[in-house]
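In: need the 3D shape of this:
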Amino acid sequence: MIFAIETSCDETSSSIIDFEGKILSHIVTNQEEHQKFGGVVPEIASRAHLQILQQIIPKTFAEAEVSRSSINIYCATCGPGLIGGLLVGSTVAKTMAIASNKPFYPINHLEGHALSVQIHDNVSFPFILLLITGGHSQLYIVNKIGSYELLGTTIDDSVGECFDKVAKMLGMKYPGGKHIENKALRGNKNEFDLPKPLINRKDFNFSFSGLKTAVKLEVNKFNKLNNNQVENLCASFQQTIVDILVSKTEMAINYAKNKIPSINNVVVAGGVAANKSIKDSLQILCQKNNLKLFFPPLSLCGDNAAMIAWACLQRYKLGYQGNINFKPIPRWSLNDLA
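Out: Here you go, the predicted structure:
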């Protein structure tokens, strides 16, 4: 069995899976301490991770109905992420591994997201990956485990960060994505004409900083937005995000199909993948291109330890060895993996 910890940002999670990939226990705790700040405070997150892990680790074993002696491998997210959180999670998992004389596997957070869809769906390699989280907005061709071709990335803010900052402008709680999505359901997506940065550039990169600024300028035009104006602005903002993601993903599809004619799967992963408008629009795009579209289940879209355990299992099966001396890397790219 594999025990995993995920503490890269503001979710504290632990999980146990067996060697068949079945999730035996899975606990994710969202840190509410950050809501009053409108975003994640790294030092607060680190302290909260340590406190929460002490509570959820015993619950994880109880939920799985196994003892610590049953664990064969320990693993934890070792990057990318906030260094304080990475140190807390990896140190706890390493300590448990040393105490049990078992191996420790350092796992890349982005690889966890990239492979998470395979926990419940038989998605074969290679596939196109749109990775959209609070910290990343990237397009890849995933050839196999350890082989990731980065096509494009954000040159400033991530899409998740843009959602959160716009939500804060509009007086909504952190995290803001679900609040914007709910407001957008009742709004007119054509009410505000917002910019779509880089959408006409012939590369795969994203930019969301200018969009965020444009929303701020619209907010400043009013003394106070009424509810209808907020709904319209949310709908227009969300549709602009959808248009950008669809446009860049379509470019990636065309590139990938020319390079690998047999490619037929598209995967969307990360917390922002929970957005229904994004899902629906990408589904239409994939149907148009005769491609299959896959998303992880909602419980595995955000940061979670089950995906870290799953990534660890895949590396173990391929013969990769653990590394108890591995030090967390805040900016650990998928391209640096072997």
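
In: show me where pLDDT drops low in the stretch 101-250 of the chain?
Out: For the stretch 101-250 of the chain, no stretch has pLDDT under 70.

In: for it, which segments count as strands?
Out: For the stretch 101-250 of the chain, strands defined by DSSP state E, counting those that start in this stretch occupy the ranges 104-108, 127-132, 137-144, 147-153.

In: relative to residue 28, which of those strands is closest?
Out: Of all these, strand 104-108 sits nearest to residue 28, with 16.1 Å by C-beta to C-beta. The way it works is simple: take the backbone N, C-alpha and C, and place the C-beta from them, glycine included.

In: hang on, the earlier thing: got the strands of the stretch 101-250 of the chain as TSV, with distance to residue 98 columns?
Out: Below are these laid out as TSV (distance: least, C-beta to C-beta, whole Å):
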stretch	distance to residue 98
strand 104-108	8
strand 127-132	32
strand 137-144	31
strand 147-153	31
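
In: so which of these comes closest to residue 268?
Out: Nearest of the strands of the stretch 101-250 of the chain to residue 268, taken as C-beta to C-beta: strand 127-132 at 4.7 Å.

In: coming back round to it: closest to residue 242 out of the strands of the stretch 101-250 of the chain?
Out: strand 127-132 (11.2 Å).

In: can you give me the angle that closest one makes with strand 137-144?
Out: Relative orientation of strand 127-132 and strand 137-144, computed by axes from the mean of the first three to the mean of the last three C-alpha atoms, to 10 degrees: 150 degrees.

In: which strands or helices does strand 127-132 pack on?
Out: helix 109-115, strand 137-144, helix 227-259, strand 265-269 (3 or more C-beta pairs under 8 Å, 6 or more residues apart in numbering; DSSP states H and E).

In: export the strands of the stretch 101-250 of the chain as a markdown table, with columns for distance to residue 269 and mean neighbour count.
Out: What follows is those, written out as a markdown table (distance: least, C-beta to C-beta, whole Å; neighbours: other C-beta atoms under 10 Å):
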| stretch | distance to residue 269 | mean neighbour count |
| --- | --- | --- |
| strand 104-108 | 13 | 25 |
| strand 127-132 | 6 | 26 |
| strand 137-144 | 10 | 22 |
| strand 147-153 | 13 | 18 |
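
In: quick one: closest of those strands to residue 20.
Out: strand 104-108 (17.7 Å).

In: so in that sheet, which strands flank the closest one, and in what orientation?
Out: strand 73-79 (parallel) (DSSP bridges).

In: one step back: closest one to residue 264 among the strands of the stretch 101-250 of the chain?
Out: Nearest of the strands of the stretch 101-250 of the chain (C-beta to C-beta): strand 127-132, 8.2 Å.

In: and the closest one, which strands flank it?
Out: Strand 127-132 is paired, per DSSP bridges, with strand 137-144 (antiparallel), strand 265-269 (parallel).

In: give me the contact list for it.
Out: Contact with strand 127-132 is made by 110, 113-114, 137-142, 148, 158-160, 245, 249, 252-253, 256, 263, 265-273, 278, 282, 291, 294, as judged by C-beta atoms under 8 Å, 6 or more residues apart in numbering.

In: do the same with stretch 78-89
Out: 5-10, 40, 42-43, 45-46, 49-50, 53, 76-77, 90, 106-110, 135-136, 326-333.

In: can you give me phi and psi for the residue nearest the centre of the chain?
Out: For the chain, the residue nearest the mean C-alpha position is residue 270 (2.7 Å; C-alpha atoms, centre = their mean). Per-residue torsions, residue 270: phi 110, psi 170 (degrees, to the nearest 10).

In: picking up where we left off before, to residue 302, which of the strands of the stretch 101-250 of the chain lies closest?
Out: strand 127-132 (11.5 Å).

In: between that closest one and helix 227-259, how big is the angle?
Out: Going by the same axes, to 10 degrees, strand 127-132 makes 150 degrees with helix 227-259.

In: re the thing from before, nearest residue to the residue nearest to the centre of the chain other than its sequence neighbours?
Out: In this structure, residue 270 finds its nearest non-sequential neighbour in residue 133, 3.6 Å apart by C-beta to C-beta, 6 or more residues apart in numbering.

In: what's the neighbour count on the one you found?
Out: 24 (other C-beta atoms under 10 Å).

In: enumerate every residue touching it.
Out: Taking C-beta under 8 Å, 6+ apart, one finds 113, 158, 160, 270-272, 303 in contact with residue 133.

In: how about the helices in the protein?
Out: Ranges of helices in the chain, per DSSP state H, are 42-64, 83-100, 109-115, 159-169, 177-184, 209-220, 227-259, 276-288, 305-317.

In: fine by me, thanks again.
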